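>>> fold the following for me, if possible:
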Amino acid sequence: MSEKCVRMDVNNKVALVTLDRPPVNALNREMRYQLVAVFDEISAREDIMCAVLTGNGSVFCAGADLKDRPNNDIPGDFLEHNRITRETGNAIRECAKPVIAAVNGAALGAGLGLAASCDILYASENATFGMPEINVGLAGGASMLRTLFGRSTARRMFFTGQRLTAADLLRRNVIEDVLPIEQLLPVTMELAYEIASKAPLALIYAKRAANMVDVMPQRDAYRFEQEFTMALSKTEDAREARLAFIEKRAPQFKGR
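Just a heads-up that it's a prediction; the model follows:
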């Protein structure tokens, strides 16, 4: 029986996903499979509309477990390892529901990749961020760094393995806020509950649109969004949202 190293707790349409592989939540292959399964489940469940990703203990995720490297002597093992490594981040990035990172400590290498795959980022005061692969003779993670940082900063981190603090990221407008550790989950969960209260279909389309416009020219992206808006305008939830606004009451969404 595999160890359970990813926990999920659901409350009021929000899933709290916790990395739980002591001592530093290092990612091995089994943990990656569990992460993919959890975020696929979040995508499919109608009773979940937002997720928060955090780590147990004082480290968010120290990166890949170097004791669980693929075996070059087994044909195909490296390719299989690379596939699940890619899909770990993709399962979060492509999750049908918004995902908030609550980075509670060091987020290094693949751990930084997990945070970068989330839609919204918060961090505790003790959090640090780095891509230290160069320090163990490897090179990987530039594609993750460039989603968060400008060209010079991304390459400096990539070539040196240097870490940045949560305050550094806040100054660069990479994260939303830096919080005392005891406030990190309360703040991120409050935001998650607010997001989860929105019209379900609109929220799912909004997540899809946000992902797509990242990789589209502005003209095409705007038309893509307009198609979604036109489709959503015909839903019962859109009519209910308009009525609730006019009548100054909380909307009662049905997801249709």
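
>>> only C-alpha atoms from now on, for both contacts and neighbour counts.
Will do.

>>> okay, now the unreliable bits of this protein?
1 (pLDDT under 70).

>>> on the three-state scheme, residue 121 is what?
Here residue 121 is strand, with the state taken from DSSP: H, G, I helix; E, B strand; the rest coil.

>>> per-domain residue ranges of this protein.
6-196, 200-247 (automatic domain parsing).

>>> just the ones you listed: most buried one?
domain 6-196 (a mean of 19; mean count of other CA atoms under 10 Å).

>>> export the domains of the chain as TSV, with columns for distance to residue 255.
Formatted as TSV, these follow (distance: least, CA to CA, whole Å):
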stretch	distance to residue 255
domain 6-196	9
domain 200-247	5
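
>>> of those domains, which approaches residue 254 most closely?
domain 200-247 (6.5 Å; CA to CA).

>>> all strands for the stretch 151-256 of the chain, in order.
For the stretch 151-256 of the chain, the strands defined by DSSP state E, counting those that start in this stretch cover 164-165, 178-179.

>>> the first one: partners in the sheet, and parallel or antiparallel?
Pointing back at strand 164-165 there. strand 128-130 (antiparallel) (DSSP bridges).

>>> how far off centre is the strand it pairs with?
How far strand 128-130 lies from its chain's middle: 16 Å, per CA atoms, centre = their mean, to the nearest Å.

>>> which helices and strands sit right next to the helix or strand just after it?
Proceeding N to C from strand 128-130, the next assigned helix or strand is helix 142-145, under DSSP states H and E. For helix 142-145, the elements it packs on are helix 110-117, helix 151-160, judged by 3 or more CA pairs under 8 Å, 6 or more residues apart in numbering; DSSP states H and E.

>>> rewinding a little: which among the strands of the stretch 151-256 of the chain is found nearest to residue 76?
Closest of these to residue 76 is strand 164-165, at 35.7 Å (criterion: CA to CA).

>>> check the offset of that closest one from the chain's centre.
On CA atoms, centre = their mean, the centre of strand 164-165 falls 19 Å from that of its chain.

>>> can you tell which of the helices and strands packed on helix 142-145 is closest to residue 75?
Judging the helices and strands packed on helix 142-145 by CA to CA, what sits closest to residue 75 is helix 110-117, at 24.0 Å.

>>> which secondary structure elements does that closest one sit against?
For helix 110-117, the packing partners by 3+ CA pairs under 8 Å, 6+ apart are strand 59-61, helix 77-93, helix 142-145.

>>> parallel or antiparallel, list what pairs with the first one.
To tie it back to what came earlier, the one meant is strand 59-61. strand 106-108 (parallel).

>>> so where do the helices sit in the stretch 151-256 of the chain?
Along the stretch 151-256 of the chain, the segments classed as helices by DSSP state H, counting those that start in this stretch run 151-160, 166-171, 181-196, 200-213, 218-232, 236-247.
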